[in-house]
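Chemist: below is the sequence, then the predicted model.
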Amino acid sequence: MECIVHFTVGHKEGPKKLRGLIFVDKGKSPTGQQLLDMFHDMEYKIIPDPNDELLFKPKNPGESYTYIRVNELDMGQERYTEDRNLKSLLNELLPKQRTGL
């Protein structure tokens with residue numbers, strides 16, 4: 001099954017919206033590794049942000065872009081779109097660090 005990945009690349013002159021394609025099993029979403037592989041195939045050398053699973057940073061700070069953010073995973077009828085308002089609300093309500101036992 002095809003999954004169209006809608007993402008934004010943050011350049012110094014402004015953000016640019018792009019798309020990529022990942023093939024996944026029916027009923028499954030792409031994994032983080034599949035996203036990394038797709039970006040690698042597009043010649044983006046990135047690492048995932050540890051605080052946000054949809055945000056990626058360049059490995060080399062000298063790159064022409066500063067971030068890549070996945071905005072939407074379009075799998076035909078099923079769509080995942082990031083709800084920024086809900087995410088912002090949850091970030092305010094949930095503790096930043098979990099305490100251990």
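Modeler: Arrived safely. Numbers count the residues shown, from 1 in each chain.
Chemist: point out where the chain drops to low pLDDT.
Modeler: 78-83, 85-87, 89-91, 93-101 (pLDDT under 70).
Chemist: which residue ranges of it form helices?
Modeler: 32-41, 84-93 (DSSP state H).
Chemist: my guess is Gly76 contacts Val24. True?
Modeler: No. At 11.0 Å, Gly76 and Val24 do not qualify as touching, with contact defined as Cβ atoms under 8 Å. No exception for glycine: its C-beta is placed from N, CA and C like everyone else's.
Chemist: who has more neighbours out of these two?
Modeler: More crowded of Gly76 and Val24, by other Cβ atoms under 10 Å: Val24, with 15 against 10.
Chemist: list the residues that contact Ile47.
Modeler: With contact taken as Cβ atoms under 8 Å, 6 or more residues apart in numbering, Ile47 is in contact with 56-59.
Chemist: give me that answer again for 6 Å
Modeler: 57, 59 (Cβ atoms under 6 Å, 6 or more residues apart in numbering).
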